[in-house]
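Participant: When you get a sec, could you give me coordinates for this:
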Amino acid sequence: MTKVEIFDPAMCCSTGVCGPSVDPELTRVASAVYSLEQKGFNIKRYQLTTNPDIFAQNNEITRIFKEKGPDALPVVLVNDQVVRVGGYPANEEFAQWFGVKPEELNEKPKSRISFNLNQL
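Facilitator: Numbers count the residues shown, from 1 in each chain. Presented below is the predicted three-dimensional model:
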């Protein structure tokens, strides 16, 4: 089974919808990752701000970080092998790695809000 790990730079969130402007690249990646997770694939994202221990425990990430600094992020590993440094994969690459169609990677996270107007 394919395993993909994305090591993100320090940022406030992985979706790209926080802050003064929306980053469409982060939104695209968040949608692709969400879609793949919903299908049960082994894909993980780690952020430098919230998962520094995972960065430190991975020898490849530590090596890249020492050689190139934080500007090397994001780094993408497929089955523990570095496949991308300094950028995110295209949806076609995600699709190839997991054997799905690229158009299957556009699912947006949904959250359902329920409230009773009579209780307001």
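Participant: in this protein, what secondary structure element scores lowest on mean pLDDT?
Facilitator: helix 24-38 (a mean of 91; mean pLDDT, DSSP states H and E).
Participant: Just list what it packs against, helices and strands only.
Facilitator: For helix 24-38, the packing partners by 3 or more Cβ pairs under 8 Å, 6 or more residues apart in numbering; DSSP states H and E come out as strand 3-8, strand 42-47, helix 91-98. Yep, even glycine has a C-beta here, placed from its N, CA and C like the rest.
Participant: can you tell which of the ones you listed is closest to Glu60?
Facilitator: strand 3-8 (9.3 Å; Cβ to Cβ).
Participant: Including mean pLDDT, mean neighbour count and distance to Tyr34, could the helices and strands packed on helix 24-38 go into a markdown table?
Facilitator: Output for those, formatted as a markdown table (pLDDT from 0 to 100; neighbours: other Cβ atoms under 10 Å; distance: least, Cβ to Cβ, whole Å):
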| stretch | mean pLDDT | mean neighbour count | distance to Tyr34 |
| --- | --- | --- | --- |
| strand 3-8 | 96 | 20 | 13 |
| strand 42-47 | 95 | 18 | 9 |
| helix 91-98 | 96 | 18 | 11 |
